[in-house]
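Peer 1: could you look at this predicted model? Sequence included:
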Amino acid sequence: MAAQYGARPEELLGRTPAELLAHDPEQARARWRGFFDAGRLHVETDQRRLDGTPIWIEGDYICLYAPDGRIMGHSAFSATSRAPAGR
């Protein structure tokens, strides 16, 4: 993940998804809502490295549930990045 975002691991520690997706918060909010509602997500998304450089990230994500059914976390089990087409 650090390499995808052009960062050192310590630069990502403590950052929230909202901070990493601040370039398009409405789209991020809608995708997170859909992800939590469905429990899984496959997505190709326009994101930004920490220096602002655009990248595309394709990933598969799944929610992790507590025994009582609450979401207790999530995991990416496949995520790749590439430069946007034409750049």
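Peer 2: Now that the structure is in, tell me what you want to look at. Numbers count the residues shown, from 1 in each chain.

Peer 1: so where do the helices sit in the chain?
Peer 2: 9-12, 17-20, 25-38 (DSSP state H).

Peer 1: got a list of contacts for the longest one?
Peer 2: Defining contact as Cβ atoms under 8 Å, 6 or more residues apart in numbering, one finds that helix 25-38 is touched by 17-18, 21, 41, 43, 45, 61, 63, 71, 74. Heads up, the C-betas are built off the backbone N, CA and C, glycines and all.

Peer 1: ok, for residue 1, nearest residue in space, not its chain neighbours?
Peer 2: residue 12 (6.6 Å; Cβ to Cβ, 6 or more residues apart in numbering).

Peer 1: do the same with residue 77
Peer 2: Residue 77's closest residue in space is residue 60 (Cβ to Cβ, 6+ apart), at 5.5 Å.

Peer 1: any idea how far that neighbour lies from residue 44?
Peer 2: Computed as Cβ to Cβ, to the nearest Å, the residue 60 to residue 44 distance reads 11 Å.

Peer 1: those two: who's more crowded?
Peer 2: Applying other Cβ atoms under 10 Å to residue 60 and residue 44 shows that residue 60 carries more neighbours, namely 13 against 10.

Peer 1: just confirm that one contacts residue 41, I think it does.
Peer 2: Yes: judged on Cβ atoms under 8 Å, residue 60 makes contact with residue 41 at a distance of 7.3 Å.

Peer 1: do a quick rundown of the strands in the protein.
Peer 2: Taking DSSP state E to define them, one finds strands in the chain at 40-48, 54-65, 71-82.

Peer 1: just put those in a markdown table and tack on mean pLDDT and distance to residue 30.
Peer 2: A markdown table is the format used below for the strands of the chain (pLDDT from 0 to 100; distance: least, Cβ to Cβ, whole Å):
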| stretch | mean pLDDT | distance to residue 30 |
| --- | --- | --- |
| strand 40-48 | 91 | 11 |
| strand 54-65 | 92 | 15 |
| strand 71-82 | 81 | 16 |
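
Peer 1: Throw these into TSV and include distance to residue 4, thanks.
Peer 2: Shown next, in TSV, are the strands of the chain (distance: least, Cβ to Cβ, whole Å):
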stretch	distance to residue 4
strand 40-48	8
strand 54-65	6
strand 71-82	4
